[in-house]
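Novice: next comes the sequence, and after it the predicted model I'd like to discuss.
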Amino acid sequence: MNLLILGSGGREHALTWKLAQSKKVSRIFIAPGNAGTSESGTNLNADPGNFQDVKNIVLKNKIDIVVVGPEAPLVEGIHDFFLSDPDIRNIPVIGPDKSAARLEGSKDFAKEFLIRHNIPTASYRSFNKETAAGVRSYLSTLNPPYVIKADGLAAGKGVLIIDSLDEAEKEVLSILNGKFGKAGEKVVIEQFLKGIELSVFIITDGHTYKLLPEAKDYKRIGEGDKGLNTGGMGAVSPVPFADDVFMEKVRKRIIDPTVEGLAKENITYKGFIFFGLINVSGEPFVIEYNARLGDPESEVVIPRIKSDLFELIEGVAEGDLQKRILEIDERYATTVMAVSGGYPGDYEKGKVITGLNGVTESVVFHAGTKSDGDKVVTSGGRVLSVTSWGNSVKEALSRSYYNLSFIKFDGIYFRRDIGFDL
Ligand code: AMP
Ligand code: GLY
């Protein structure tokens, strides 16, 4: 089998690394990939958002299955594009079609879906330009802080948490007036939930699902969870509070009704679902759905899959996921992300990365890197993450930190407290 993986981050490197270990996979292509993915596959210079380009490389390289990493091509309809083109109709796309990807692509759709299927989530109301006059009176019914979400994809910037009512009202109106373009034509305002966040993942063929390992992500740039939000500075799996009792609630109240709800609404979901949950005094609530795996969560979730991940991918493609085997490594996996100085604000690119060969006990997943002759240089904010296994969170983390100490580039920054709260 020849696979094409779309995307260029740590998630896609982790997918490439794992799928390259499958006996059933002959060749892996990644578009566009990074310096890490080119170690286990062949990078192709194509933009996942340009579906015609994707079609061309699929045909040229005799691709059998396409795995979509990021959300944007899914929300824009890459799966539907394949189904509507006779040349590529029979090539399975792992990732939901446009209708199913609304779980991530429209916060308003996701909230309506959650309420329709009685899935625990924060109470909310949606507004558009026509109903904007009601924003203030709805905000007044809530206790601060106020949670404000642009309906569509806004490059991770569409969620605002604001303490003052005046400020919150101003923000809602500024979003409705175009601050995030089309993504802000509707705004969801919801109740703030206080608790600890958890990322839960499944893979589904539209009928059944397999539960993948859960993870905890550390989103803030600063130690002690302070400072600006980032794409994610590190992750840990398993998560101690996600014990059997808690995960049973997650299955019964959240995952099962989601998968059944999609089927009832004739939405055939084929791919990964990422449940962004919050644990409020032992009760799970859905904060958001994503139509993909998480990053950096993938860098700990995928390394905990002991069995062949391609089996699950093929199970989705062939609609027989139920029959496929999933074995999970009992050990802890941790990952620590090294980022460019200045991130998540402005940062420089093109810094030479050294010391990658010093890493022997961990796996380095590249995120924002590229090859420059025989050198590897930085090409993004999140540069690479170092994943390790251990019999405890502590053991895995000290391995990640030890191995990360060999890696250098100008301006390197990483949090030294990943897992501090566990
Ligand atoms: P999202 O971009 O949807 O992942 O949201 C960004 C972050 O906002 C989440 O990871 C949470 O930390 C926070 N958040 C979103 N909704 C809520 C809520 N209802 N209550 C508390 N925090 C929230
Ligand atoms: N780490 C959070 C995400 O992938 O959205």
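Specialist: Okay, I see it. Ligands and ions are numbered 1, 2, ... in the order given.

Novice: alpha carbons only for contacts and neighbour counts from here, please
Specialist: Will do.

Novice: which residue comes closest to Leu397 once chain neighbours are left out?
Specialist: Thr334 (5.8 Å; CA to CA, 6 or more residues apart in numbering).

Novice: let me redo that: Lys24
Specialist: Nearest one to Lys24, counting by CA to CA, 6+ apart, is Met1 at 6.2 Å.

Novice: separation between the one you found and Val280?
Specialist: Distance, Met1 to Val280, by CA to CA, to the nearest Å: 44 Å.

Novice: could you do Ala215 as well?
Specialist: Distance from Ala215 to Val280, by CA to CA: 17 Å.

Novice: and the closest residue to Gly355 other than its chain neighbours, what does it touch?
Specialist: Closest residue in space to Gly355, ignoring its immediate chain neighbours: Ile407 at 4.4 Å, by CA to CA, 6+ apart. Contacts for Ile407 (CA atoms under 8 Å, 6 or more residues apart in numbering) come out as Ile353, Thr354, Gly355, Leu356, Gly358.

Novice: where does Ile407 land on pLDDT?
Specialist: Ile407 carries a pLDDT value of 98.

Novice: same check, this time on the one 4 residues further on
Specialist: In this model, Gly411 is scored at 98, pLDDT.

Novice: neighbours around the closest residue to it other than its chain neighbours, how many?
Specialist: If you skip the residues right next to it in sequence, Gly411 has Gly341 as its closest partner in space, 4.4 Å away by CA to CA, 6+ apart. The number of residues packed near Gly341 is 19, by other CA atoms under 10 Å.

Novice: so Gly341, which of the three states?
Specialist: coil (DSSP: H, G, I helix; E, B strand; the rest coil).

Novice: might one say that it is in contact with Ile412?
Specialist: Yes - between Gly341 and Ile412 there is a contact under CA atoms under 8 Å: 5.7 Å.

Novice: can you find the residue of the stretch 151-300 of the chain that comes nearest to ligand 2?
Specialist: Nearest residue of the stretch 151-300 of the chain to ligand 2, counting by CA to the nearest ligand atom: Gly294, 3.3 Å away.

Novice: mind listing what that residue touches?
Specialist: Gly294 touches Arg11, Ser199, Phe274, counting by CA under 8 Å, 6+ apart.

Novice: how many neighbours does the first one have?
Specialist: By the other CA under 10 Å criterion, the neighbourhood of Arg11 contains 26 residues.

Novice: what are the phi and psi angles of it?
Specialist: phi -60, psi -50 (degrees, to the nearest 10).

Novice: could you find the closest non-adjacent residue to Glu311?
Specialist: Glu311 sits nearest to Arg324 (CA to CA, 6+ apart), 6.1 Å away.

Novice: also Ala72?
Specialist: Gly49 (7.3 Å).

Novice: for the one you found, give me the pLDDT.
Specialist: For Gly49, pLDDT reads 97.

Novice: same check on the one 4 residues further on?
Specialist: Here the pLDDT value assigned to Asp53 is 97.

Novice: run a quick check on it versus Asn45, I expect a contact.
Specialist: No - here Asp53 lies out of contact with Asn45, judged by CA under 8 Å, at a distance of 9.3 Å.

Novice: returning to that earlier point: list the residues that contact the residue nearest to Leu397.
Specialist: Gly234, Ala235, Val236, Ser237, Val300, Thr387, Ser388, Trp389, Val393, Ala396, Leu397, Ser400.

Novice: show me what the closest residue to the first one other than its chain neighbours is bridged to.
Specialist: If I follow you right, that is Gly234. Closest residue in space to Gly234, ignoring its immediate chain neighbours: Val336 at 4.4 Å, by CA to CA, 6+ apart. On the basis of DSSP bridges, Val336 takes part in beta bridges with Gly234, Val386.

Novice: Val336 and Ser388 touch, don't they?
Specialist: No - contact status for Val336 versus Ser388: not in contact, 9.1 Å apart, counting by CA under 8 Å.

Novice: next, show the common contact partners of the two.
Specialist: In contact with both Val336 and Ser388: Ser400, using CA under 8 Å, 6+ apart.

Novice: enumerate the residues of the stretch 251-400 of the chain near ligand 2.
Specialist: Residues of the stretch 251-400 of the chain lying close to ligand 2 by CA under 6 Å from any ligand atom are Gly294, Asp295, Pro296, Glu297.

Novice: please redo it, this time with the cut-off set to 8 Å
Specialist: Counting by CA under 8 Å from any ligand atom, the residues of the stretch 251-400 of the chain close to ligand 2 are Asn290, Leu293, Gly294, Asp295, Pro296, Glu297.

Novice: for these, give me JSON lines that also has distance to Gly184.
Specialist: Listed next are these as JSON lines, based on distance: CA to CA, whole Å:
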{"residue": "Asn290", "distance to Gly184": "18"}
{"residue": "Leu293", "distance to Gly184": "24"}
{"residue": "Gly294", "distance to Gly184": "23"}
{"residue": "Asp295", "distance to Gly184": "24"}
{"residue": "Pro296", "distance to Gly184": "27"}
{"residue": "Glu297", "distance to Gly184": "27"}
